Structures are given as C-alpha cells and as structure tokens.
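1. Give me coordinates for this.
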Amino acid sequence: MDTSTLLLFRDLCRTRNMTQTARTFYLTQSALSKRLAQLEEELGYPLLIRSKGRQQAELTTRGEKFLVLATRMLELYEESLTLKEEQDRFFLRLGCMRSVQEAFLSDFLESFLASHPRFSLTLEDHHSHEIRELLLEGLLDLGIVQTPYTGHGLVSQLLYDEPFQVVMKDPGSFRGKIRLSVHDLDDRQEIFQSFTDGFRSWHDTHWRILDSKIRVNSTPTAEKYFQAPGDWMIVPRSVAAAMAGRGFTVFPLEEVTPLHQVYLTWRQDEDRPHVKALADALNAHFNP
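-> Purely as a prediction, here's the structure:
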C-alpha cells in the first residue's frame, strides 16, 4: 500500500467522479480503476460499489471506514516528512464557501499564517452541504458555512451576519439612485441564486422565481449573465462589496431583508490544539 494510491482514493472520495480524479492525477480512467482494484485486492475487501451505468463513485460500508484510516495515514505520512526539516508542522484543512473567501478570508489568513509559521493550511471551495459531508467524513477540520449544522456529530457557531443588497452591472435607468425598492425590480431581469431557505422564502413573497432571467448556483457564474441594462441580482452585502470592486453598482434596499448568517462548523469530538487555534482566531476576528 503506497501513499500515491491512498492519495488517489482520498481524492476520489472528495470528487466522487472517476473522470475528474483521473484528470487531476494525469491518469487514464482505466489506469485509475486498476490502481484502486489493486488496493482492494491488497485489503481483501471492496471499497467502491460498482454497477453498470453508475455515474458517481460510491463507497461501500468498509470503504467509508477505510477512508477515515487512509486520511489519517496520509496525515501521519505528511507529518513524518517534516522531521526531515527538523521542525514541527500542524496541518489544517479548511472548507469555505467561495463568497466568504472572496469577501474577507484572504486578508485574514495572510495575517494568521504570518503569525503561525508552523501551520500548513489546505483551503477548499465548497458549498455548505458539501462541507458538512466532508467534515463528517474526516476530510476537513473546519468549515465556514451558511447553514448551522448542530447535532449528528457537528457543532456550529455564528461568525457574522449581514443584510442582502442589489447589484447591477449596468444600472440603466437606476443610475444615480441611492436605494431601490423591491417594487422597482422586474422579475424578468433577475439573475437568481438561492442562498438559504430564509432568503428563498423572503424572495418568493416579492418575485416569481420561474419568471427570472436565469437561475444559477454560484456568484461567479451569475456575473456572466449581466447583459442588459437593469439586470439585477440580490446577494449578501460582503459579496456585493467584492462585486463592486469588479465594476458592479450596489444598491441597498428600502425594505428590511433577512440576514445572511455565516457559521463556523467543526466535529463535536475535535480537540486538537492547532484546530482550536484557527477556530479561536476566526471568532476573535468577527467578535473582538
């Protein structure tokens, strides 16, 4: 059992896609399948459920248990390499929504890592539900999400909250306005992204989602579809601020919006000091 095969297996558990993992490691899909089959033969039990027409990689029960062991084996291997440098290293894996990374995380992490030179950080972009699953599988140490996952082995703590605002690439007839009302906004020019259930419920009291121009699942995708004057989107204030830096115009709403809440989440049994150090630094940053 070699570390390269364990890395293949861990990445497949992350992507759940044979083609994507094979591409990442510059392998053919058949070569990847052969490596995984050799690992299963060495272990003496199947790791993956195989059936005709299955699109996504799915773990067997033993495969899920082995994933935890494989992750820890890779961590121990990576930690052992630091002995060559005669220094201790602390490995952290943080999953975060892209919108939060864009809004604040790069500046915070630059400061944090400068003051913690022994920390080695892996940062991953994921949606909230993906972060939850990766935490439960032991593939992340901490997660920043927009849904409070408490119970079932996880703990969540509020980091910050913020209102929603309207953004436009070309304000058109709204140019020069300070604020907008929900009554100013035409359903047919909306670029819609659902952030939370609370946001969706509030949104649906003012606009019909089926009448929107297009529906997306990420803000970077949404930015491609601001084509006509007055095309609009409602996003959290921090996302609006980042978009303003790319030439978008931001309008607060006259009406009260729900709050976009961002949470720090970790496993209930987490007790490693270096993980706690990052969690404490994040809490101190938002709650000085």
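2. Would you map the strands across the stretch 151-288 of the chain?
-> Using DSSP state E, counting those that start in this stretch, the strands assigned to the stretch 151-288 of the chain run over residues 154-162, 164-168, 191-193, 214-216, 233-236, 249-251, 260-267.
3. could you dump the helix or strand hosting T21 to CSV, C-alpha only?
-> Using DSSP states H and E, T21 maps to helix 18-24. Listed next in CSV are the C-alpha coordinates belonging to helix 18-24 (Å, rounded to 0.1, in the frame of the first residue of the first chain):
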residue,chain,number,x,y,z
MET,A,18,-13.6,8.9,-11.6
THR,A,19,-13.0,11.1,-14.7
GLN,A,20,-12.2,14.2,-12.6
THR,A,21,-9.8,12.3,-10.3
ALA,A,22,-8.1,10.6,-13.2
ARG,A,23,-7.6,14.0,-14.9
THR,A,24,-6.2,15.6,-11.7
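4. after it, next one along is what?
-> Toward the C-terminal end, the helix or strand that comes next after helix 18-24 (DSSP H and E) is helix 29-43.
5. so T257 makes contact with E162?
-> No - applying Cβ atoms under 8 Å, one finds T257 not in contact with E162, separated by 9.5 Å. Using the backbone N, CA and C atoms, a C-beta is placed for each residue, glycine as well.
6. So for the two, which sits in the more crowded spot?
-> Counted by other Cβ atoms under 10 Å, T257 and E162 do not tie: T257 has more neighbours, with 20 against 17.
7. So what sits opposite Q157 in the bridge?
-> When bridges are taken as DSSP bridges, the partners of Q157 come out as L264.
8. pretty sure it is touching V262, no?
-> No - no contact is recorded between Q157 and V262 when judged using Cβ under 8 Å, the distance being 10.3 Å.
9. Which of the two has more residues huddled nearby?
-> More neighbours sit around V262 than around the other of Q157 and V262, counting by other Cβ under 10 Å; the figures are 25 against 15.
10. Which pLDDT value belongs to that one?
-> If you check V262, the pLDDT there is 93.
11. Then R188?
-> For R188, the model assigns a pLDDT of 95.
12. Who are the contact partners of it?
-> Applying Cβ atoms under 8 Å, 6 or more residues apart in numbering, one finds that R188 lies in contact with D211, S212, K213.
13. cool, S128 as well?
-> M97, G143, V145, Q146, T147.
14. Who is the residue lying closest to it once chain neighbours are set aside paired with across the strands?
-> Closest residue to S128 in three dimensions, ignoring its sequence neighbours and counting by Cβ to Cβ, 6 or more residues apart in numbering: V145, at 3.9 Å. The residues paired with V145 through beta bridges, assigned by DSSP bridges, are Y263.
15. Does V145 touch T265 like I think?
-> Yes - taking Cβ under 8 Å as the definition, V145 is a contact partner of T265 at 5.4 Å.
16. Quick check: neighbours shared by these two?
-> A shared contact of V145 and T265, defined by Cβ under 8 Å, 6+ apart, is any residue touching both; here these are I131, R132, S156.
17. Okay, buried residues for the helix holding T21 please.
-> Counting neighbours by 16 or more other Cβ atoms under 10 Å, one finds that the buried residues in helix 18-24 are M18, T21, A22, T24.
18. before we move on, what about stretch 119-137?
-> F119, S120, E124, H126, S128, E130, I131, R132, L134, L135, E137.
19. Just checking: what are the partner strands of the host helix or strand of the second one?
-> Using DSSP H and E, S120 maps to strand 119-125. When pairs are called by DSSP bridges, strand 119-125 turns out to pair with strand 90-96 (parallel).
20. Would you map the helices across the stretch 101-250 of the chain?
-> Using DSSP state H, counting those that start in this stretch, the helices found in the stretch 101-250 of the chain span residues 106-115, 128-136, 197-204, 219-222, 237-244.
21. just to revisit the earlier point, got the contacts of S128 as JSON lines, with pLDDT, neighbour count and distance to V167 columns?
-> Formatted as JSON lines, the contacts of S128 follow (pLDDT from 0 to 100; neighbours: other Cβ atoms under 10 Å; distance: Cβ to Cβ, whole Å):
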{"residue": "M97", "pLDDT": "86", "neighbour count": "24", "distance to V167": "17"}
{"residue": "G143", "pLDDT": "95", "neighbour count": "27", "distance to V167": "26"}
{"residue": "V145", "pLDDT": "94", "neighbour count": "26", "distance to V167": "22"}
{"residue": "Q146", "pLDDT": "91", "neighbour count": "18", "distance to V167": "18"}
{"residue": "T147", "pLDDT": "89", "neighbour count": "18", "distance to V167": "23"}
